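S.K.: quick one: sequence and predicted model below, then my questions.
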Amino acid sequence: MPTSTPTVTLIYVTYNSARYIRTALDSARALDYPADQRRIVVVDNGSRDGTATIIAAEYPDVTLIREVKNHGFAGGNNLAMRRYPADYFALINADVRLEPGWLQAVIGAMEADPSVGVVGSKIFFAGTGLLQHAGAGIRPNALTYHIGTGEPDTGQYDHPRDCDYVMGAAFAIRGPLAAHLGYLHEGYFMYFEETDLCVAARRAGYRVRYVPDAVAHHDEKGSLSGRPTAKYLWRYHRSRYLFAMRNMLSQAERQAFCAAERTWLRESARDPRYRALMLAAKLSHAGQLMRNRWLLTLRA
């Protein structure tokens, strides 16, 4: 790291996170980074399981913001970013354990190269030795995928590289860039927040980088993510359609989206109940759809 160590605000947004918040905050405390240059902030989104009480009693060094309502991932992180500006923001899920060198790795990658605006991690499914994330991609119809997911780590993803986006469970962004982009878009209550932010950063001329030396372990036992429940699928596709309306701006992008979506619907989404769920997710954006009729008129 340079002589003048950059300031970092590490942000955790919690909602009924009592069973794993200690592991997350203990790992944040143990980061190999000067304590006087980092601030740990927790925004509690109205937890009812004692999360905020645990933090207040056991972590006096952590800045706790207690909220009555649930602002979602985007709203909670934005509140902290606006209140505690820094050279860099690190956004970390409450069910993530960071390895000690994580923060040095993500900040070091951006300090070494001014063109890098966002940096993500090598992420493991906690306790399994299997990868969850080594960078991520976006298909033409905005379906997202994680590189390496489910694979044992044999060093196959040990080289840094640029990617479409990085997973929101543990990533960092330049503070001035986050402010310039307007922080996270709060229309996403869950899913695609980091995807949208990474696309906006790339559109602004910055690179999004996967850095394998930044290692995190993600315990998703209490999460909807990746489980094909109706609740997860509705929220995922609701956010996917919003992402498409916000980011498929050219005629060519919209045509590519529609072609890919028709193929995907025919090959992988034939169940009428699934189709009905996706239609409901799309129609939940009634106002935006009136300005994006290209998506409204899409047929399989």
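M.R.: Ah, there it is. Please read all numbers here as calculations on a predicted model, not as lab measurements.
S.K.: if you drop the residues flanking it in sequence, what lies closest to the most centrally placed residue in the chain?
M.R.: Geometric centre of the chain, nearest residue: Gly168, 1.8 Å, by CA atoms, centre = their mean. Of all residues not flanking Gly168 in the chain, Glu194 sits nearest, at 3.4 Å (CB to CB, 6 or more residues apart in numbering). (C-beta placed from N, C-alpha, C; glycine too.)
S.K.: and that neighbour, which of the three is it?
M.R.: Of the three states, Glu194 takes helix under DSSP: H, G, I helix; E, B strand; the rest coil.
S.K.: you'd agree it is up against Phe171?
M.R.: Yes. If you go by CB atoms under 8 Å, Glu194 and Phe171 touch, sitting 6.4 Å apart.
S.K.: what sits in contact with each of those two?
M.R.: Common neighbours of Glu194 and Phe171 (criterion: CB atoms under 8 Å, 6 or more residues apart in numbering): Leu91.
S.K.: contacting residues around the residue nearest to Gly168?
M.R.: 91, 165-168, 171, 184.
S.K.: kindly report the same for Ala260.
M.R.: 139-141.
S.K.: hang on, it in a strand?
M.R.: No. Ala260 is assigned helix when assessed by three-state DSSP, not a strand.
S.K.: for Leu298, see how far away it is.
M.R.: Distance of Ala260 to Leu298, computed by CB to CB, to the nearest Å: 11 Å.
S.K.: what does Ala18 give?
M.R.: For Ala18, the distance to Leu298 (CB to CB) stands at 43 Å.
S.K.: and the residue nearest to Tyr20 when sequence neighbours are not counted, its phi and psi?
M.R.: With CB to CB, 6+ apart as the criterion, Tyr20 has its nearest non-adjacent residue at 4.7 Å, and that residue is Asp95. Here is the backbone geometry of Asp95 (degrees, to the nearest 10): phi -110, psi 30.
S.K.: just to check, Val208 is in contact with Gly120?
M.R.: Yes. Look at Val208 against Gly120 with CB under 8 Å: they come within range, at 7.4 Å.
S.K.: and the helices in the stretch 51-200 of the chain?
M.R.: 51-58, 72-83, 102-112, 175-180, 193-203 (DSSP state H, counting those that start in this stretch).
S.K.: quick one: these as CSV, columns for distance to Ala216 too.
M.R.: Formatted as CSV, these follow (distance: least, CB to CB, whole Å):
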stretch, distance to Ala216
helix 51-58, 20
helix 72-83, 16
helix 102-112, 6
helix 175-180, 20
helix 193-203, 14
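S.K.: between the ones you listed, which one is nearest to Met245?
M.R.: helix 193-203 (10.9 Å; CB to CB).
S.K.: and the next helix or strand past the closest one?
M.R.: Later in the chain than helix 193-203, the nearest helix or strand by DSSP states H and E is strand 207-218.
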